[in-house]
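Undergrad: need coordinates for the following:
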Amino acid sequence: MGKPQIFIAKEAGCSQSAVSKHVNRKLSGRKKYERKRCTTNRENRSLERHVKQNRFRNLGELHKEWTEAGVKASRATTQRRVKEFGYSHIPLVKPLLNHRQRQRHLTWAKKKKKKWTVAQWSKVLFSDESKFCISFGNQGPRVWRKGGEAHSPSCLKSSVKFPQSVMIWGAMSSAGVGPLCFSKTKVTAPIYKEILELSSADQLFKDADYIFQQDLAPAHTAKSTKSWLNDHGVGVLDWPANSPDLNPIENLRGIVKRKMRNKRPKIADELKASVKETWAYIPPQQCHRLITSMPRQTEAVINAKGAPTKY
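TA: Numbers count the residues shown, from 1 in each chain. The predicted structure follows:
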């Protein structure tokens with residue numbers, strides 16, 4: 001701005017010599033040198049190897065192993081280095097798959113469903129049971145509070161030991177969602193047959209042919225259930241065991257729970273009404289987007305050799 005150094009020093013609250021050094025440094029193009037790091041690149045690589053050997057080691061264990069190898073670094077330095085590597089400390093929860101289940105996942109994706117198109121997946125009626133509780137765990141919005149207001153009633157999030165809950169059965173396809181069926185108890189074979197009587201297949205597909213998807217829960221694989229499906233001419237999609245991450249209705253359930261975060265039902269009837277209302281407002285376009293991801297999910301299973309995928 002063309003101001004003299006005396007004016008700049010007065011405005012900045014420093015000496016004129018400090019202003020002069022700063023200006024001369026900028027004009028001369030001198031670079032600011034960073035503080036010398038206390039660990040070498042070789043030592044940093046050894047720390048990264050320790051992280052990769054066991055992903056569930058805590059920071060104290062990593063720091064102990066690293067320093068026992070002769071590295072002189074503080075615990076804070078260890079934490080900074082791990083952060084620089086780009087590692088996260090929150091694991092994702094995926095179903096546990098043994099070797100046989102992984103092989104069946106791979107066979108299912110590679111030999112049976114690899115060539116399926118979006119049009120074929122659109123003819124599948126996906127279904128699943130799910131449990132909704134009044135307390136949604138740690139999910140929910142944050143609270144705005146000042147220091148000392150942690151125990152204020154308006155800033156507390158209530159929790160109960162055995163929260164009220166509702167068990168639902170729902171179905172979806174690329175055409176949208178069907179009506180929900182509520183159950184007060186665990187879904188058994190007789191209860192499941194009653195649910196199937198109220199199935200939403202006719203509403204979603206009308207007179208068109210469809211394939212029904214269900215997991216391998218005991219109520220689904222019971223002889224009475226299989227007999228009911230055969231008597232009603234319902235074709236069932238072959239489905240690998242322990243594979244909820246392949247079912248797009250699982251993603252739909254997560255969407256419903258996220259939309260219900262700001263709702264605070266106090267009794268089971270309010271929870272039931274809230275779930276029903278949120279489910280009914282899911283647009284068909286959202287269901288169609290989930291169905292269009294099925295070819296990508298199948299390809300991801302093949303690439304992962306049957307192991308859990310990002311879906």
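Undergrad: for the rest of this, base every contact and every neighbour count on C-alpha atoms.
TA: Fine.
Undergrad: all strands of the protein, in order?
TA: 124-133, 165-173, 176-177, 181-183, 211-212, 235-236 (DSSP state E).
Undergrad: tell me which of those strands sits most buried.
TA: Of all the strands of the chain, strand 176-177 carries the top mean neighbour count, a mean of 23, counting by mean count of other CA atoms under 10 Å.
Undergrad: okay, now the sheet partners of that one, with direction.
TA: Taking DSSP bridges as the criterion, strand 176-177 pairs within the sheet with strand 165-173 (antiparallel).
Undergrad: any idea of the mean pLDDT for the partner strand?
TA: When pLDDT is averaged over strand 165-173, the result is 89.
Undergrad: angle of it against strand 124-133?
TA: Put simply, strand 165-173 runs at 160 degrees to strand 124-133, going by axes from the mean of the first three to the mean of the last three CA atoms, to 10 degrees.
Undergrad: contacts for strand 165-173 next, please.
TA: Residues from elsewhere that reach strand 165-173 (CA atoms under 8 Å, 6 or more residues apart in numbering): 122-134, 177-186, 195, 200, 204, 249, 268, 271-272, 287-288, 291.
Undergrad: next one: that strand to chain centre, how far?
TA: For strand 165-173, the distance between its averaged C-alpha position and the chain's averaged C-alpha position is 19 Å (CA atoms, centre = their mean, to the nearest Å).
Undergrad: got the CA positions of that strand in PDB?
TA: Coordinates of each C-alpha in strand 165-173 appear next as PDB, following Å, rounded to 0.1, in the frame of the first residue of the first chain:
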ATOM      1  CA  SER A 165     -38.300 -51.100  19.700                       C
ATOM      2  CA  VAL A 166     -40.400 -52.400  16.800                       C
ATOM      3  CA  MET A 167     -39.600 -55.100  14.300                       C
ATOM      4  CA  ILE A 168     -40.400 -54.400  10.700                       C
ATOM      5  CA  TRP A 169     -40.400 -56.400   7.500                       C
ATOM      6  CA  GLY A 170     -40.100 -54.400   4.300                       C
ATOM      7  CA  ALA A 171     -39.700 -54.900   0.600                       C
ATOM      8  CA  MET A 172     -38.400 -52.800  -2.300                       C
ATOM      9  CA  SER A 173     -37.700 -52.900  -6.000                       C
END
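Undergrad: count the neighbours of residue 62 for me.
TA: Residue 62 is surrounded by 21 other residues when neighbours are defined as other CA atoms under 10 Å.
Undergrad: actually residue 210, sorry about that
TA: A count of neighbours around residue 210, defined by other CA under 10 Å, yields 22.
Undergrad: how far away is it from residue 115?
TA: Residue 210 sits 18 Å away from residue 115 when distances are taken as CA to CA, to the nearest Å.
Undergrad: break the protein into its domains for me.
TA: As assigned by automatic domain parsing, the chain contains the domains 1-27, 41-85, 99-139+162-303.
Undergrad: pick the most buried one from these.
TA: Between the domains of the chain, the one whose residues have the most neighbours on average, counting mean count of other CA under 10 Å, is domain 99-139+162-303 (a mean of 16).
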